[in-house]
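In: Make a model of this:
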Amino acid sequence: MNVTTTNNIIPGQPLAHYDPEVAQRVQGWLDGGKPLVWIPILSQENFPDTPPEILQWADSHQAAFHVQIHEPADLLLMPEGVTGWLMPTDANDTDVACGVWNGEVYILGVKDQRTGRAQTLLGERFDVATGQVDDVDQSAV
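Out: Below is the predicted model of the structure:
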């Protein structure tokens, strides 16, 4: 089934791939006036031409790369083609990822490439139904 969906966060921007539950959560954050932060995922997938040691160094200085999001239009301030984590500034973990491609904002959940299980900024996902914490040795996004 092929469904066309629009992104209500940035009006007029159609989304080809997105998770409605995640998008609704982000919309709630924005509607509630919560200040958000976007944290780039410093990985070989996002930066294929960057040597691993440079990415490790950059990751140790992660705070310098954070983008503050105060209103929906701020989502367009993120660098083109880089996936990052999106969360309220007072949160310590998130399962929401966000990026801009061809001027279009994408908001989505992240899954481990090996297991297909949901992944978070901290690398774990607590399952309320089972009381289990996901494997801390998840693959890179």
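
In: so for stretch 71-84, what's the average pLDDT?
Out: Stretch 71-84 carries an average pLDDT of 90.

In: other SSEs contacting the helix or strand Tyr106 falls within?
Out: When elements are defined using DSSP states H and E, Tyr106 is found to belong to strand 104-111. On a contact count with 3 or more CB pairs under 8 Å, 6 or more residues apart in numbering; DSSP states H and E, strand 104-111 meets strand 5-7, strand 13-15, helix 20-31, strand 96-101, strand 118-119. For glycine as for every other residue, the C-beta is placed from the backbone atoms N, C-alpha and C.

In: how near is Val82 to Glu45?
Out: 10 Å (CB to CB, to the nearest Å).

In: Need the nearest residue in space to the most centrally placed residue in the chain, chain neighbours excluded.
Out: For the chain, the residue lying nearest the average C-alpha position, counting by CA atoms, centre = their mean, turns out to be Ala97 (1.3 Å). Using CB to CB, 6 or more residues apart in numbering and skipping residues adjacent in sequence, the residue nearest Ala97 is Val110, 4.7 Å away.

In: same thing with Gly81?
Out: Trp101 (6.0 Å).

In: any idea how far Leu86 is from that neighbour?
Out: 15 Å.

In: ok, now Ala58?
Out: From Ala58 to Leu86 the distance is 19 Å (CB to CB).
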